[in-house]
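# here are the coordinates; sequence isn't available:
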C-alpha cells in the first residue's frame, strides 16, 4: 500500500465542513453520483474527516454525503459545447441602427428595447453595447435628470450632516 502524505490546512471544523460541501456539490454537478462517491472516498476527504473534524462534525459530514448523494442524479445530463452558429446574431444595418436610435430614448430598460426591436429578451447585453456604441442612451424614469453628478450630491449631504446648527 503506497504511503501518501496529505497536508490539510489548520481550520475550524465548520470551515472544513463548508469546504467538503463545496467539493461534493461541484462533483455532483459535474459528474453525478459517481463523482460524489469518488470525492467521498478520496484520501483527502478521509484525512479531513479524521484529522480536521471533531466527532460531532463527523456525524454532520456523513449525513451531508448521504444527502448530496441521494439528491444527485445517477448520470448527469450531457452538456453540449456552445456553438457560435446557434446564437442569435444581430445584423447592425443602417436601418437597424436608425430604429435603435429612434426607440432607445423611449425605453428605460434594455430588455424593453430588445423587444421593441423584435429581438429576444436575452439580447439585453447587445442592447447595452449598442447604446454605448451609438450614443443612444435610454429614457429616464424621472421627469428631468439632475444637473449635478451623484457623487457631488453625496458630498453635499455628508458635509451638511457634519455641520452643527451654530456654524451655519
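Structure received. If you're wondering where the values come from, they're calculated on a predicted model, not measured in any experiment.
# and the lengthiest helix in the chain, what does it pack onto?
If you go by DSSP state H, the chain has its longest helix at helix 13-40. Contacts defined by 3 or more CB pairs under 8 Å, 6 or more residues apart in numbering; DSSP states H and E place helix 13-40 against helix 43-47, helix 55-71. The way it works is simple: take the backbone N, C-alpha and C, and place the C-beta from them, glycine included.
# Toward the C-terminus from the last one, list the very next helix or strand.
Downstream of helix 55-71, the next assigned helix or strand under DSSP states H and E is helix 94-103.
# Beyond that next one, next helix or strand please.
Once helix 94-103 ends, the next helix or strand along the chain (criterion: DSSP H and E) is helix 110-116.
# Please identify the buried residues of that following helix?
Within helix 110-116, the residues that qualify as buried are 110-116, counting by 16 or more other CB atoms under 10 Å.
# Could you export these to CSV, including columns for distance to residue 9 and pLDDT?
As requested, the buried residues of helix 110-116 are exported to CSV (distance: CB to CB, whole Å; pLDDT from 0 to 100):
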residue, distance to residue 9, pLDDT
110, 44, 89
111, 44, 89
112, 49, 91
113, 49, 91
114, 47, 89
115, 50, 90
116, 54, 91
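# which among those residues gets closest to residue 53?
Set against residue 53, the nearest of the buried residues of helix 110-116 by CB to CB is residue 111 (47.0 Å).
# Surely the closest one and residue 121 touch.
Yes: look at residue 111 against residue 121 with CB atoms under 8 Å: they come within range, at 4.7 Å.
# shaky segments in the protein?
Applying pLDDT under 70 to the chain flags residues 1-5, 75-88, 136-168.
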